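Q: Got a sequence here, can you model it:
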Amino acid sequence: MEMLTCPLCLNLISEPISLACGHSFCRVCLCHALQRSKKKCPNCRAVCHIDPSTHAANIMLANVARRTFPELYKERQNEAKKDMSTFESTLPIFFYNNVLFPGSLLHLHLFEQRYRHMINRCISSNRKFIYLPNFSDYKASEGDLGLMAHVDECEFLPDGRALLKATLQDRVKVTKSWVEEGTQGLAYCTFTPYEEENKAVDEQELRATVQLSNAFLEKVPGLCQQIAHHIGEQPDPSSEPMRWSFWFAALVTTFSRMGHRAVVLLQETKTCERLKMAKKIFTSIVARSFTNSQQQQQQQQEEGGGGSGQEQPSQTSSSGNAADGGGSSSNEGARSSST
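A: Have a look, this model is predicted:
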């Protein structure tokens, strides 16, 4: 019985996780033990940088426990399922000083040690982390709004840095956060889904907004491809109006350089209202571009250049969703790569 007893809970071991040092623990017990302490074996203090919530169980030990005490093992498994639901909504946090939206692409060059830990754990488990916009202290607080990111591609460089491409998915709200010891400052959080309350849209207003957006983008050769690289391909507005509203919000944020003010677009839970706010901002961008174009034409005519008479909005590169590793130089851990 001793070999089937978890050293932490002193009960029958459930979903046993065996460490490199040879010690085994219940999955739930090890999750609790490593969550806010240094990544060391609770018994011998040997280093064990694993994610116990997703690490493969010791099948042989689990089978022995199940066959020896079938009823007790089933009871322990039921208890573990309830506890593990908490860890399933726990992910590491990547901070960046730019507001992005569901569907946006993220190109990162990770070089800081805490984010190296993060990406190694992501790749070896569920490939997910939380993208959290932050413009001040790079700390998470209860109620902060972020996005779940899924790693699509990752290339590790010889010195441990990583180049990755991720897609931002659903919005989440932080419920609790902490910094894990022994990771040089890697933050974790628990979270809950942040749902859209009303997906209804005014079809006529939607069509007008789509036409305004497309007309603007088509005036600059190659701009559509550049935007697709930074914030993703444009969804079909007729079949996916909510998703298109997020894409349009990302477009508006890219051209307007709104910074932290774009959080209101991310927080909005009514698709129709998000479209109205984004369209209002975008209309001012178009008007400003037209004014600048007229001024340039007038200046060219005064200098004898003549001018072409065509309105040419300037191309604006995305400031944060394509990053050299996780942000600008102020973002301690990564830069956004515009490759």
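
Q: The longest strand belonging to the chain pairs with which strands?
A: What stands out as the longest strand in the chain, according to DSSP state E, is strand 162-179. Strands that pair with strand 162-179, judged by DSSP bridges, come out as strand 105-110 (antiparallel), strand 145-156 (antiparallel), strand 187-193 (antiparallel).

Q: can you give me the helices for the stretch 101-250 of the chain?
A: Using DSSP state H, counting those that start in this stretch, the helices of the stretch 101-250 of the chain run over residues 113-124, 203-217, 223-231, 241-256.

Q: L8 is nearest to which of those helices?
A: Of all the helices of the stretch 101-250 of the chain, it is helix 113-124 that lies closest to L8, at 21.4 Å by Cβ to Cβ. (Glycine included, C-beta is placed from N, CA and C.)

Q: Return the set of buried residues in the closest one.
A: R114, Y115, R116, H117, M118, I119, N120, R121, C122 (16 or more other Cβ atoms under 10 Å).

Q: Columns distance to F282 and pLDDT on top of those, output as TSV?
A: Shown next, in TSV, are the buried residues of helix 113-124 (distance: Cβ to Cβ, whole Å; pLDDT from 0 to 100):
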residue	distance to F282	pLDDT
R114	37	94
Y115	33	96
R116	38	94
H117	39	89
M118	34	92
I119	35	94
N120	40	89
R121	39	84
C122	34	88
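
Q: With adjacent residues omitted, what lies nearest to S124?
A: Leaving aside its sequence neighbours, S124 sits nearest to D51 (Cβ to Cβ, 6 or more residues apart in numbering; 7.0 Å).

Q: residue contacts, the one you found?
A: R121, S124, S125 (Cβ atoms under 8 Å, 6 or more residues apart in numbering).

Q: Compute the distance between the closest residue to the last one other than its chain neighbours and S104, please.
A: For S125, the nearest residue in space outside its immediate sequence neighbours is T54; the separation is 3.6 Å by Cβ to Cβ, 6+ apart. T54 is 25 Å from S104, where distance means Cβ to Cβ, to the nearest Å.

Q: who's more crowded, these two?
A: Shown here are T54 and S104; by other Cβ atoms under 10 Å, S104 has more neighbours (29 against 15).

Q: and the angle for whichever strand or helix holds F94 with strand 105-110?
A: Here F94, judged by DSSP states H and E, is contained in strand 90-96. Inter-element angle recorded for strand 90-96 and strand 105-110: 90 degrees (by axes from the mean of the first three to the mean of the last three Cα atoms, to 10 degrees).

Q: Name the strands paired with strand 90-96 and say parallel or antiparallel.
A: Strand 90-96 pairs in its sheet with strand 128-133 (parallel), strand 187-193 (antiparallel), by DSSP bridges.

Q: Would you mind putting the buried residues of helix 113-124 into TSV with distance to D202 alongside?
A: Shown next, in TSV, are these (distance: Cβ to Cβ, whole Å):
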residue	distance to D202
R114	45
Y115	42
R116	47
H117	47
M118	41
I119	42
N120	47
R121	44
C122	40
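
Q: Let me know the closest of those to Q234.
A: Nearest to Q234 among the buried residues of helix 113-124: C122, at 27.9 Å, using Cβ to Cβ.

Q: Pull the contacting residues for that closest one.
A: Applying Cβ under 8 Å, 6+ apart to C122 gives the contacts P92, K128, F129, V151.

Q: So which of these is surrounded by the most neighbours?
A: Result: F129 is most packed of the contacts of C122 (other Cβ under 10 Å), 24 neighbours.

Q: Tell me the bridge partners for that residue.
A: Taking DSSP bridges as the rule, F129 bridges to A149.

Q: Quick check: it vs V174, distance?
A: For F129, the distance to V174 - Cβ to Cβ - is 13 Å.

Q: Quick check: buried residues in stretch 269-281?
A: K270, T271, C272, E273, R274, L275, K276, M277, A278, K279, I281.

Q: Which residue is the nearest non-sequential neighbour of the fifth one?
A: If I follow you right, that is R274. Nearest residue to R274, sequence neighbours excluded (Cβ to Cβ, 6+ apart): E268, at 4.3 Å.

Q: E218 now?
A: C224 (7.3 Å).

Q: Tell me how many other residues crowd A228.
A: The burial count for A228: 13, using other Cβ under 10 Å.

Q: Count the neighbours of the closest residue to it other than its chain neighbours for me.
A: Spatially, and ignoring its direct neighbours in sequence, A228 is nearest to Q234 (7.3 Å; Cβ to Cβ, 6+ apart). Number of residues near Q234 (other Cβ under 10 Å) recorded here: 19.
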